[in-house]
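Asker: Take this sequence and fold it.
(2 chains)
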Amino acid sequence: AQSVTQLDSQVPVFEEAPVELRCNYSSSVSVYLFWYVQYPNQGLQLLLKYLSGSTLVESINGFEAEFNKSQTSFHLRKPSVHISDTAEYFCAVSGGSNYKLTFGKGTLLTVNP
Amino acid sequence: EAGVAQSPRYKIIEKRQSVAFWCNPISGHATLYWYQQILGQGPKLLIQFQNNGVVDDSQLPKDRFSAERLKGVDSTLKIQPAKLEDSAVYLCASSPGAGTHNEQFFGPGTRLTVL
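Answerer: Numbers count the residues shown, from 1 in each chain, chains lettered A, B, ... in the order given. Sure thing, here's the model as predicted:
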């Protein structure tokens, strides 16, 4: 069985401030990790993923996440956020033979001017 | 490229009524998923299809929920009869194929309110 814990349900920050959204997972098998983003009134979109190789993965809009196997974490970071980053962010894990995605409860990131 | 389409976007029904949701995946995507997202929680997989066959329906409440994907393209999810706890957003997603960690592409969802 696998599970995901997103430690913060809401994260308010000011524009241009750095942000970290925390994600911890548990799994009995090798895992693959994902961050999805849901902008207001839109569907979920893949932000970035870790499948193998470099433990640091980046998105096209400045977010990055680092897979830390010893700490079972996959925290999402951005050095300087914009108003347009306001959205709900979901961490997800997939492992085993069925590739089923298990999502965390989500973190609402609100960027204030 | 057109995305995943879902209809209706919103539905309000009374408990014990029936409801159906429709999903049209991205053209050529073999794998289709239905998720339930209750307010304050992450999406939970209800059922996964590979073409028109069921891969995983372990979390589908089969006494009241049913889903089909007859021609391996679009799909319907039905609830009969609905309960108050079924109030949620129902998300459809598709991916090119199962068996690898393909990206799942999500539709906008159907928000169901059961009164």
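
Asker: The residue of chain B found nearest chain A: neighbour count?
Answerer: At 3.1 Å from chain A, B:G42 is the closest residue in chain B, using Cβ to the nearest Cβ. Heads up, the C-betas are built off the backbone N, CA and C, glycines and all. Residues contacting B:G42 under the criterion other Cβ atoms under 10 Å in any protein chain shown number 21.

Asker: Just checking the distance from stretch A:51-59 to the centre of its chain.
Answerer: In terms of Cα atoms, centre = their mean, to the nearest Å, the centre of stretch A:51-59 is set 13 Å apart from its chain centre.

Asker: quick one on the thing from earlier: thinking the residue of chain B closest to chain A is in contact with A:K105, fair?
Answerer: Yes. The criterion here is Cβ atoms under 8 Å, and B:G42 meets it with A:K105 at 5.1 Å.

Asker: Look at B:A98 and report its pLDDT.
Answerer: What the model reports for B:A98 is a pLDDT of 64.

Asker: what do you get for the one 10 residues further on?
Answerer: B:P108 is assigned 92 on the pLDDT scale.

Asker: ditto for the one 3 residues further on
Answerer: Predicted confidence (pLDDT) for B:R111: 96.

Asker: Contact residues of chain B facing chain A?
Answerer: Residues of chain B lying near chain A by Cβ under 8 Å from any Cβ of the partner chain: B:3-4, B:40-45, B:48, B:55-56, B:91, B:93, B:98-101, B:103-104, B:106-109.

Asker: Now with 7 Å, please.
Answerer: With Cβ under 7 Å from any Cβ of the partner chain as the criterion, chain B comes near chain A at residues B:40-43, B:45, B:56, B:98, B:101, B:103-104, B:106-109.

Asker: Out of the residues you listed, who's the most crowded?
Answerer: B:P43 (29 neighbours).

Asker: ok, for that residue, nearest residue in space, not its chain neighbours?
Answerer: Among residues not flanking B:P43 along the chain, B:Y35 sits closest, at 3.8 Å (Cβ to Cβ, 6 or more residues apart in numbering or on different chains).

Asker: partners of the one helix or strand that neighbour maps to, with directions?
Answerer: Assigned by DSSP states H and E, B:Y35 falls within strand B:31-37. Using DSSP bridges, the strands paired with strand B:31-37 are strand B:44-50 (antiparallel), strand B:88-95 (antiparallel).

Asker: quick one: contacts of the longest one?
Answerer: Read that as strand B:88-95. Residues outside strand B:88-95 that contact it (Cβ atoms under 7 Å, 6 or more residues apart in numbering or on different chains) are B:4, B:6, B:21, B:23, B:25-26, B:29, B:31-38, B:43, B:77, B:102-107, B:109-112.

Asker: Are any of these buried, and if so which?
Answerer: Among the contacts of strand B:88-95, those buried by neighbour count (16 or more other Cβ atoms under 10 Å in any protein chain shown) are B:4, B:6, B:21, B:23, B:25-26, B:29, B:31-37, B:43, B:77, B:104-107, B:109-112.
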